[in-house]
Structures are given as C-alpha cells and as structure tokens.
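Asker: build me a structure from this.
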Amino acid sequence: MNLHSKIQTPITQDHIDFYRENGFVQVDNMLTSEELAELRVYLEEAMQTESDRSLAADQKGGSYYRVLNQKINLWRDHAGMGSYSFHPRFAQSALELSGASGMRFFHDHGLWKMPGDSKATPWHQDTPYWPIQESEAGMMSIWITLDDVNEDNGCMAFVPKSHKLGKLTGIDFLNPQNIFDYIEGGQAEGQKPVIVPLKAGSCTFHNGLTFHYAHANSTDKPRRVLAIIFTPDGVTFDGKEHPVTNGLGLKAGEPIAGPRFPLLVKANV
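Answerer: Prediction:
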C-alpha cells in the first residue's frame, strides 16, 4: 500500500469539524455488508481462541468479565483479522479526523459485552491506560459494532468537548470512581452526555481523552465490537508496563514504532 495515496473514506468535512470540536463522531456504514458478514466470522473465531491476550483476568462468570470480555491484538491469533485491524479505510479515516501527519496502529481490541448479568462500563478516558509520555497525544479509537446497539445492549455515550479537559486519573472498572470528581471547577457540568445508538457496520471514533461510557447488556446475546487504537506518528513511550508493549525492547522517551506498530497512512504534503 502506498502510504501517500488517497484512500476513499466516508469522512466528510462535517465529520472532521464535529470530531475536533467534540472529541467523538458517529460514522455510519463504515463496513460494507460483505465486510460485516466476514468480520463477524473472523472476530467470533478470534475471541474463542485460547491465548494470553484476554484482559478479563477472572474469565467467565467473574466480576470483570461481566463488565467487559475483551481481548487485545486479535490479529496475532487469527490471520483474517489482519485485513480489518490494518484496514486502510479505517486508518485513513482516523488520519483525516485527527489532522495528524501519519497514523500508526497501536493495537486492536475485541470487546464483548456479555448478556445476562452484565454491568455498565463506567465513565473513563482511555489515555491514562496507555504507556505514552504525552498528555494530549491525539491517540484515538475506532469502535465498530457488529450488532445493532442501543441502551439495552451496550451502546456508547460521550461527553462532548471533554477531551479538552486534559488527562485525568484512570478509573477502576470494578470499583469505579466518579471521573467528574477529578475535574477542577466542574467544567463538564454543562456538557450533557450524548448517547450514540448504531446500526451494525457503523462506528464511532473518539479521542483518547474523551469521557465515554457503555451501557449494560440486558439482552440474551453478546454485544460484539471491534475497536482499533491508532496513534499519531511520533508519540513517545513512557517506559511503563502495558500488555501491548511489554517485552518489545521499547525505550522510554523514544517514539512508539517498529514491526508491531506499523505506519498505516501518511498525510499528503
């Protein structure tokens, strides 16, 4: 793939303006119907594969599992996932929304909100959990749903403009603190959360600093999502432990790069 070539995306100027102002944006029909059908098969197979990449430490039936059954770097367990985890349309969309000079892959993320005794994913930012030095790095996630989602089965909600409040404290998902308590002066008080139901194959993008939340799943089927985290080229490693970077020889202060973090797209200059 030519990193400088223009890849067709569904991103419009309205999407770009909304994302940069609010820290999130909804993009409908990111997947074709054929891609949606294929990804459902690949992701189901990858999530069922036994590996050490599951982040639900207590596994089935445990407290964390009821909040979120998740696995990272599925592309390493299922070759078919690579065509989606590194999909040029997704990376190009992220580049256009962010305005970065280049966009690298950080990791993918299977996110199953399990049925039955499900718990909500509490309000949080993503950036505090990533091993990066910059407080406002511009890292972002695409959240692609394989099922229609609403408030009954785990759709997302966002606080507009909350990405402008800076990097706060990470939240314990099992014993969640109120993230709004960490905001000096209550700057978010006038920013009403926006609930974002989606049709299968559609997605949201959100900045790593944007406050977001996922509803519990009260239905009898899993809510299936593929998230991919992108990092602007040049973001640096802080040296801390993280399952994505452990054992790769990255040094604190150096850019996150190398074979696990390929540069997927580059802006035309």
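Asker: all strands for this protein, in order.
Answerer: 24-27, 69-72, 102-113, 121-124, 140-145, 156-158, 194-196, 203-207, 212-214, 223-232, 263-266 (DSSP state E).
Asker: of all these, which one is nearest Thr245?
Answerer: strand 102-113 (9.2 Å; Cβ to Cβ). No exception for glycine: its C-beta is placed from N, CA and C like everyone else's.
Asker: pull up the pairing partners for that closest one, direction included.
Answerer: Neighbouring strands of strand 102-113 in its sheet, by DSSP bridges, are strand 69-72 (antiparallel), strand 223-232 (antiparallel), strand 263-266 (antiparallel).
Asker: taking those strands together, which one is wrapped up most tightly?
Answerer: Stretch with highest mean neighbour count among these: strand 223-232 (a mean of 24; mean count of other Cβ atoms under 10 Å).
Asker: and that one with strand 203-207, angle?
Answerer: 40 degrees (axes from the mean of the first three to the mean of the last three Cα atoms, to 10 degrees).
Asker: strand 223-232 to strand 140-145, inter-axis angle?
Answerer: 160 degrees.
Asker: hey, C-alpha coordinates of strand 223-232 in CSV?
Answerer: Extracted as CSV, the C-alpha positions of strand 223-232 are listed here (Å, rounded to 0.1, in the frame of the first residue of the first chain):
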residue,chain,number,x,y,z
ARG,A,223,-22.8,-7.1,22.0
ARG,A,224,-19.9,-7.6,19.7
VAL,A,225,-17.4,-4.8,18.8
LEU,A,226,-14.0,-4.4,17.2
ALA,A,227,-12.1,-1.4,18.4
ILE,A,228,-8.8,-0.3,16.9
ILE,A,229,-6.5,2.2,18.6
PHE,A,230,-4.4,4.5,16.4
THR,A,231,-1.5,6.6,17.5
PRO,A,232,-0.2,9.6,15.6
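Asker: all helices of the protein, in order?
Answerer: 13-22, 33-48, 63-67, 82-85, 88-98 (DSSP state H).
Asker: who are the packing partners of the first one?
Answerer: Same thing as helix 13-22. strand 24-27, helix 88-98 (3 or more Cβ pairs under 8 Å, 6 or more residues apart in numbering; DSSP states H and E).
Asker: any chance of these in a markdown table, plus distance to Arg104, mean pLDDT and mean neighbour count?
Answerer: As requested, the helices and strands packed on helix 13-22 are exported to a markdown table (distance: least, Cβ to Cβ, whole Å; pLDDT from 0 to 100; neighbours: other Cβ atoms under 10 Å):
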| stretch | distance to Arg104 | mean pLDDT | mean neighbour count |
| --- | --- | --- | --- |
| strand 24-27 | 20 | 98 | 23 |
| helix 88-98 | 9 | 97 | 24 |
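Asker: closest to Arg224 out of the ones you listed?
Answerer: helix 88-98 (16.8 Å).
Asker: what angle do the closest one and helix 33-48 make?
Answerer: Interaxial angle of helix 88-98 relative to helix 33-48 (the same axes, to 10 degrees): 100 degrees.
Asker: which ones are touching Ser83?
Answerer: Applying Cβ atoms under 8 Å, 6 or more residues apart in numbering to Ser83 gives no contacts.
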